[in-house]
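Q: 3D model of this:
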Amino acid sequence: MRGFYTSKLYKHSPICVQNGFVTTQGLIYSMLKRGQRFRLLQKELLRNENLSLDELSYMQISTLKKLLQHAFEWVPYYKKLFSELGFNPNHMKSPDDLKKLPLLEKETVRDHWEEFIASNVRRSTLIKGRTSGTTGSPLSLYMNREVIEREHAFVWRQFRWAGRPWGGRTAVFRGELIVPVEQNRPPFW
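A: Just a heads-up that it's a prediction; the model follows:
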């Protein structure tokens, strides 16, 4: 629904209808990020806090290997890149092995965005998100519910570390594109 703000329907709707769209988007996103997987991830993150440094290091490398193996097997961009570089995720010994890979630039993601969508994911389940564009230009990314719930579980842990009780109120200040960039007359909210 995030890309919805640039659609003709949204642009030409009265302000009260636009407000309804924004409120609906917030409710949908709230439901998406607090599903059953979110609660399981919360428990997992709590357990991980009690691991030793050796256990955390082992978990880090095994999780990283799984992620890279998935990228190699299912994500066209990484399959091609790893093959060209002769990079094999199965041979990773430490996170330092990542130095063999080039840094990923925003322009690469913009120019090859379809190649970053895993072929084992149904496109109909993807939700388009955007970065705020603090470096000058926003970046569109595609997420599924699992990614949203995982991100929210980590955010929840950070709030908890800062002393926020579960269900406590939090003010979050961030940019959200709700008026098309090319709109040059009010309202701008």
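Q: pull out the buried positions in stretch 53-69.
A: 64-65, 68 (16 or more other CB atoms under 10 Å). The C-beta positions use only the backbone N, C-alpha and C, and glycine is treated the same way.
Q: which residues touch stretch 72-82?
A: The contact list for stretch 72-82, computed with CB atoms under 8 Å, 6 or more residues apart in numbering, reads 68, 71, 87-89, 101-102, 112, 114-121.
Q: repeat that for 10 Å
A: Outside stretch 72-82, the residues within contact range by CB atoms under 10 Å, 6 or more residues apart in numbering are 67-71, 83, 87-90, 100-102, 104, 108-109, 112-121.
Q: equivalent analysis for stretch 88-97, please.
A: Stretch 88-97 has contacts (CB under 10 Å, 6+ apart) with 57, 60-62, 64-73, 78, 82, 87, 98, 100.
Q: circling back to that earlier point, out of the contacts of stretch 72-82, name the ones that lie in helices.
A: Residues of the contacts of stretch 72-82 located in helices (DSSP state H): 67-71, 83, 108-109.
Q: out of those residues, which comes closest to His152?
A: The closest of those to His152 turns out to be Leu67 (CB to CB; 18.7 Å).
Q: contacts only, for that closest one.
A: Counting by CB under 10 Å, 6+ apart, Leu67 has contacts 78, 89.
Q: now swap in the one 4 residues further on and tell me
A: Neighbouring residues of Ala71 by CB under 10 Å, 6+ apart: 77-79, 81-82, 89, 116, 118.
Q: okay, the ones in helices among the contacts of stretch 72-82 in CSV with pLDDT and distance to Leu126 next?
A: CSV is the format used below for the ones in helices among the contacts of stretch 72-82 (pLDDT from 0 to 100; distance: CB to CB, whole Å):
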residue, pLDDT, distance to Leu126
Leu67, 95, 18
Leu68, 96, 21
Gln69, 96, 21
His70, 97, 16
Ala71, 97, 16
Ser83, 96, 25
Thr108, 95, 19
Val109, 93, 15
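Q: hmm, back to that, which of the contacts of Ala71 sit farthest apart?
A: Greatest spacing in the contacts of Ala71, by CB to CB: Pro89 and Phe116 (16.8 Å).
Q: and which of the ones in helices among the contacts of stretch 72-82 is nearest Ile28?
A: Val109 (24.8 Å).
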